[in-house]
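J.: Structure, please.
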Amino acid sequence: MEKNNKNDMVKVIIVDDHIIINEGVRKVLTSSGKINVVFNANKGQDVLELIKKEEVDIVITDLMMPEMNGFELFKKIREYNSNIKVVILTAVEDNFYINKAISYGLDGFLSKRISPKELIEAIIKVNQGEKVLSSCILKCLDENCICQSDELDKVVSITKREHDILAQIADGKTNQEIAELLFLSKRTVEAHRYNIMQKLNIKNSAELMKYSIKYTQLF
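T.: This next block holds a predicted model:
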């Protein structure tokens with residue numbers, strides 16, 4: 001695979017206290033030729049020191065780590081530089097931690113069960129401004145559950161425009177009102193609603209409203 005110039009690549013820090021996971025994620029991301037892993041850390045403090053010296057686009061962090069967990073690291077990174085995107089990559093997939101994440105503006109919340117290809121795609125999408133979640137995480141938003149799917153977890157991404165429309169749906173706006181607020185045609189809003197429902201496997205408007213409220217609380 002032809003490599004891009006390092007200056008053009010997505011600059012990523014990986015932080016995970018499990019060395020084998022840390023190294024595995026590094027190999028997956030660097031194999032894309034589009035992502036430059038500038039540092040592998042095993043604790044949050046190392047990341048906070050590095051981002052003061054190096055240009056970084058995305059920090060990918062485990063959730064459960066000694067000294068500083070992923071949520072705490074996320075908050076400290078945002079306090080220092082709100083332009084750095086943060087993605088949680090975790091084996092923890094229960095509703096308690098999803099609810100705990102609601103108060104944070106996460107750029108991504110991913111299960112460690114996703115495939116290498118989906119992980120690469122997710123990081124590229126986050127760098128482009130999309131919010132990315134694993135399908136298992138989405139399921140947990142709607143159920144008091146621990147995700148235990150035998151199927152490979154999938155990644156669902158929400159574009160900036162879809163994000164804006166979901167926020168308006170959560171606020172109770174009609175298609176016409178959303179169109180006027182976002183300077184779109186009503187037909188374009190309807191198309192976006194349809195695409196969102198297809199992407200998230202939502203069957204009706206009531207489910208869409210329910211999801212949009214939970215989504216806007218998370219983001």
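J.: For this protein, name the helix or strand with the lowest mean pLDDT.
T.: helix 95-101 (a mean of 65; mean pLDDT, DSSP states H and E).
J.: After it, which helix or strand is next?
T.: Using DSSP states H and E, the helix or strand that follows helix 95-101 in sequence is strand 108-111.
J.: partners of that following strand, with directions?
T.: Looking at strand 108-111 with DSSP bridges, its partner strands are strand 85-90 (parallel), strand 131-134 (parallel).
J.: Pull the residues that contact the first one.
T.: Which is strand 85-90. 16, 25, 57-64, 70-71, 73-74, 77-78, 97, 101, 106-112, 119, 122-123, 126-127, 132 (CB atoms under 8 Å, 6 or more residues apart in numbering). In this view, the C-beta of every residue, glycine as well, is placed from N, C-alpha and C.
J.: are any of the residues you listed buried, and which?
T.: For the contacts of strand 85-90, a neighbour count by 16 or more other CB atoms under 10 Å gives the buried set as 16, 25, 57-63, 70-71, 73-74, 77, 97, 101, 106-112, 119, 122-123, 126-127, 132.
J.: Next, give phi and psi for the nearest residue to residue 81 once chain neighbours are set aside.
T.: Nearest non-adjacent residue to residue 81, counting by CB to CB, 6 or more residues apart in numbering: residue 51, 6.3 Å away. Residue 51 adopts backbone torsions of phi -70, psi -10, taken as degrees, to the nearest 10.
J.: Let me know how buried residue 51 is, in neighbour terms.
T.: 19 (other CB atoms under 10 Å).
J.: pLDDT score assigned to residue 90?
T.: Per-residue pLDDT puts residue 90 at 87.
J.: Can you tell me how far it is from residue 53?
T.: 27 Å (CB to CB, to the nearest Å).
J.: what does residue 121 give?
T.: Per CB to CB, residue 121 is found 29 Å from residue 53.
J.: and what of residue 24?
T.: In terms of CB to CB, residue 24 sits 26 Å off from residue 53.
J.: Which of these two has more residues huddled nearby?
T.: residue 24 (15 against 8).
J.: Quick check, central residue of this structure?
T.: In the chain, the residue lying closest to the centroid (CA atoms, centre = their mean) is residue 108, at 1.2 Å.
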